[in-house]
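Q: fold the following and give me the result.
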Amino acid sequence: MFTGLKLFLKDYPMAKAFLIYGGKRRMREGAIDIVPLEETLKTLPQLLQG
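A: Presented below is the predicted three-dimensional model:
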């Protein structure tokens, strides 16, 4: 399901990968953070800093 992001991270391992979705629960799939849209909008600066 995360094929594109996983391939991107393989080429750019120093990058941060986020999948933003319309749900309510924050999750993680390997190095990919899965973040609800509402949380993303509220905490974007913190997400980008790590």
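
Q: tell me where the model's unsure across this protein.
A: Applying pLDDT under 70 to the chain flags the ranges 50.

Q: that one: strands as residue ranges?
A: Listed in chain order, the strands of the chain (DSSP state E) span 17-21, 27-29, 32-36.

Q: nearest spatial neighbour of the residue nearest the centre of the chain, skipping sequence neighbours?
A: A centroid search over the chain (C-alpha atoms, centre = their mean) returns F18, at 1.4 Å, as the residue closest to the centre. Once flanking residues are discounted, F18 sits nearest to D33: 5.0 Å by C-beta to C-beta, 6 or more residues apart in numbering. Any C-beta I mention is one placed from the backbone N, CA and C, and that applies to glycine too.

Q: roughly how far does that neighbour sit from A15?
A: 12 Å (C-beta to C-beta, to the nearest Å).

Q: who has more neighbours out of these two?
A: Per other C-beta atoms under 10 Å, whichever of D33 and A15 has more neighbours is D33, with 16 against 10.

Q: wouldn't that one be in contact with L19 here?
A: Yes. Using C-beta atoms under 8 Å, D33 makes contact with L19 at a distance of 7.3 Å.
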